[in-house]
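In: give me a model of this one.
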Amino acid sequence: MPGWGTALGVDGVKQVAAYVLGFSGVATPEDWRTAGKVRYETMCVACHGADGKGNRALGAPDLTDKVWLYGGEFNRVAESIREGRTGVMPAWGQRLNEDELRVVTAWVLAQAGEKK
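Out: Predicted coordinates for the structure are as follows:
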């Protein structure tokens, strides 16, 4: 997702974040949600859809499922909108030992049905 901070401005980012969090039932200021809906319909709907369900083919996640890859707190969602996200998994080599990395790798491959 590209960063929208320049196009939306500080208030616009807050408003869109408030509207987006509303898809998953998070309470946010109503006036921010109202303004955010207009901005969302202009800038976000093409990828995330009017209902916020996203488009996996475009890499646009479902905003209604309460799964927030980069954190579902208001500030983290606003950061994603403002700065954008490239969808690159961070390195885990400094956090996990070799055995833990192998277990995680095996689990990920199993989820995809891979037999390697």
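In: phi first, then psi, for His48.
Out: According to degrees, to the nearest 10, the main-chain angles of His48 amount to phi -90, psi -10.
In: my guess is it meets Thr64, correct?
Out: No: counting by CB atoms under 8 Å, His48 sits too far from Thr64 to count as a contact (9.6 Å). All C-beta atoms are positioned from the backbone trio N, CA, C, and that covers glycine.
In: these two: which is more packed in?
Out: Remark: of His48 and Thr64, His48 carries more neighbours, 22 against 17, as counted by other CB atoms under 10 Å.
In: ok, now which ones touch the more buried one?
Out: His48 makes contacts with 40, 54-55, 60-61, 63, as judged by CB atoms under 8 Å, 6 or more residues apart in numbering.
In: what about those, which are in helices?
Out: Tyr40 (DSSP state H).
In: where are the low-confidence patches of the protein?
Out: Low-confidence regions of the chain, defined here as pLDDT under 70, cover residues 88, 113-116.
In: for Cys47, which non-adjacent residue is closest in space?
Out: Residue nearest to Cys47 in three dimensions, not counting chain neighbours: Ala60, with 3.8 Å by CB to CB, 6 or more residues apart in numbering.
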